[in-house]
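S.K.: Below are the sequence and a predicted model; questions follow.
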Amino acid sequence: MTTPVKYSELGLVNTKEMFASAMAGKYAVPAYNFNNMEQLQAIVLGCVQSKSPVILQVSGSARKYANPIMLRHMVAGAVEMARAEGSTIPIALHLDHGDSFELAQSCIDNGFSSIMLDGSHHSFDKNVELTRQVVEYAHERDVTVEGELGVLAGVEDEVSHETSHYTRPEEVEEFVSRTGVDSLAISIGTSHGAYKFKVKPGEEVPPLRFDILEEIEQLLPGYPIVLHGASAVIPKYVEMINKFGGKMEDAVGNSEEQLRRAAASAVCKINIDSDGRLAMTAIIREILTQKPSEFDPRKYLGPARDELIRMVKEKNELVLGSAGRAK
Ligand code: G3H
Ligand code: 13P
Ligand code: ZN
C-alpha cells in the first residue's frame, strides 16, 4: 500500500471546531458537492469571498468521476488558491453517503478529513455496526464521522430511496452512544434532487418536521445535526433551464425560510448539490442557445463558474448564516 496522506498535509481540518462554532453562533456550515474543477473553484472562491467556513463534499461516484488521485491534488490546489487569496477559512473534505468501510478507509488514507457512513437503508443494528467500524478507523486518525438515521425520500443518482421515513427521536441517543459518531444526519422532510415535493401551482411546499428536530435537540443538547437534501431548487435557474431548451417543469425545492430556521438550530451542516448543478446548467444552456456557434468550453464554463460563485455567496449570507464567520 502507498503511504497514507493525512488531511492536515493538504491544509484541511476536520469538522469538530467548525460545528462547535456553528452551534454557538447559530448558523450552519455549508457542505457543497462538487465533481469538477469549475465547481471546486467556485465553491472555494464563493466561501473565501463571503468569509465562510466550508465543507467540500464528494460522493463515491463523484470521486470516481474525478479520479481519486486527481481529486486529492485538486483539493490541495484549491486550499493553496484560497491561502494565496489571503484567506484562512477552515476547509474540510468530506465523503458524502459513504456506503462501505473500504470506501471510507480509502478516503481517509487519501486526505479526507470527514466521512459520512450512510447505513440508513440497513437495519438499526447493521447501521450501528457499519458506522462503528468506520468511527474506530476514523477517530484513530482524527477524522470526524457523520452517521444517518431515518430515510430521505427522492432519487439522486446512486442515492435513491423509494420510500422515506422520518428519524425516530427515541433511537437517536442509542445510535450516537453505540457508534460514537460526531454528527448525525436526520430525516425531517427534505429529500435529494430537484423534485422534492409534489405541489400544485400556488401551493406552499409542506413544512419540515421541526417537532422531530426539537425533540432530538432536547435529547442530545448541543449535538451537531446535519440536513441532507437542502437545496431550494432555485426557481430562477429552473425557469432559465426551461426557457433555453431544458425540461424540468415540476422541479420544486425547500423553502429558504425553513432552511434559515434550521440553520439557527442544532443543524450545523447543510448539504447542497442540486442548486449548484442548476446554476451551472442554466448559464450553460443560456449561452449555448444564444451563441450556437460557440465551442470554446471556457466561454460557457467560465460564466457558469461565475454564477456558482454568486450563488454560494448568496446562500452563505442569506440561508446558512455562515458568511462573515471566518476570515
Ligand atoms: O446526495 C447525493 C449527492 O447529491 C451526490 O450525488 O452520487 O450524483 O454525486 P451523486
Ligand atoms: P440536494 O439534492 O437537495 O442538493 O441535496 C444534496 C445532498 O444532500 C448531498 O448529500
Ligand atoms: Zn445527501
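M.R.: On my side now, so go ahead. Ligands and ions are numbered 1, 2, ... in the order given.
S.K.: where's the spatially closest residue to Leu219 that is not a sequence neighbour, which helix or strand?
M.R.: Closest residue to Leu219 in three dimensions, ignoring its sequence neighbours and counting by Cβ to Cβ, 6 or more residues apart in numbering: Glu173, at 5.5 Å. C-beta coordinates here come from the backbone N, C-alpha and C atoms, glycine included. Secondary-structure assignment from DSSP states H and E places Glu173 in helix 169-179.
S.K.: Tell me how far the following helix or strand past that helix lies from the chain's centre.
M.R.: Reading on from helix 169-179 to the C-terminus, the next helix or strand found by DSSP H and E is strand 183-186. Averaging C-alpha positions (Cα atoms, centre = their mean, to the nearest Å) puts strand 183-186 12 Å from its chain's average.
S.K.: now do stretch 94-114
M.R.: Using Cα atoms, centre = their mean, we find the averaged C-alpha position of stretch 94-114 to lie 15 Å away from the chain's own average C-alpha position.
S.K.: May I have it as CSV, with CA atoms only?
M.R.: Extracted C-alpha coordinates of stretch 94-114, given in CSV (Å, rounded to 0.1, in the frame of the first residue of the first chain):
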residue,chain,number,x,y,z
HIS,A,94,-16.0,15.1,3.3
LEU,A,95,-17.1,11.8,1.8
ASP,A,96,-20.9,12.1,1.1
HIS,A,97,-23.0,9.0,1.5
GLY,A,98,-20.2,6.5,2.0
ASP,A,99,-21.6,3.0,1.8
SER,A,100,-18.7,0.8,2.9
PHE,A,101,-15.8,0.6,5.3
GLU,A,102,-13.5,0.1,2.3
LEU,A,103,-14.5,3.3,0.7
ALA,A,104,-14.3,5.2,4.0
GLN,A,105,-10.8,3.8,4.6
SER,A,106,-9.6,4.7,1.1
CYS,A,107,-10.9,8.3,1.5
ILE,A,108,-9.3,8.6,5.0
ASP,A,109,-6.0,7.3,3.6
ASN,A,110,-6.2,9.8,0.8
GLY,A,111,-6.6,13.1,2.6
PHE,A,112,-10.3,13.2,3.6
SER,A,113,-10.9,14.9,6.9
SER,A,114,-14.5,13.8,7.4
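S.K.: avg pLDDT for that stretch?
M.R.: Along stretch 94-114, the predicted confidence averages to a pLDDT of 98.
S.K.: in that stretch, what's buried?
M.R.: Neighbour-count burial for stretch 94-114 flags 94-99, 103-114 (criterion: 16 or more other Cβ atoms under 10 Å).
S.K.: ok, so what distance separates the nearest residue to Ser21 once chain neighbours are set aside from Leu288?
M.R.: With Cβ to Cβ, 6+ apart as the measure, Arg325 is the residue that lies nearest to Ser21, at 6.7 Å, once sequence neighbours are left out. Distance check for Arg325 against Leu288: by Cβ to Cβ, to the nearest Å, it reads 37 Å.
S.K.: Compare the two (neighbour count), which wins?
M.R.: With neighbours defined as other Cβ atoms under 10 Å, Arg325 and Leu288 compare such that Arg325 has more, 20 against 16.
S.K.: still on that earlier bit, same for ligand 1: which of the buried residues of stretch 94-114 are within range?
M.R.: The subset of the buried residues of stretch 94-114 lying close to ligand 1, counting by Cβ under 6 Å from any ligand atom, consists of Asp96, His97.
S.K.: Tell me which of the buried residues of stretch 94-114 fall in strands.
M.R.: Judged by DSSP state E, strands contain the following of these: His94, Leu95, Asp96, His97, Gly98, Ser114.
S.K.: Look up which residues are beta-bridged to the second one.
M.R.: What that stands for is Leu95. Note on Leu95: beta-bridge partners by DSSP bridges are Val58, Ile115.
S.K.: ok, it - contacts?
M.R.: With contacts taken as Cβ atoms under 8 Å, 6 or more residues apart in numbering, Leu95 has the following neighbours: Val58, Ser59, Gly60, Arg63, Leu103, Ala104, Cys107, Phe112, Ser114, Ile115, Met116.
S.K.: do the same with the last one
M.R.: Listed by Cβ under 8 Å, 6+ apart, the contact partners of Ser114 are Asn14, Thr15, Ile55, Ala92, Leu93, His94, Leu95, Val143, Thr144, Val145, Glu146.
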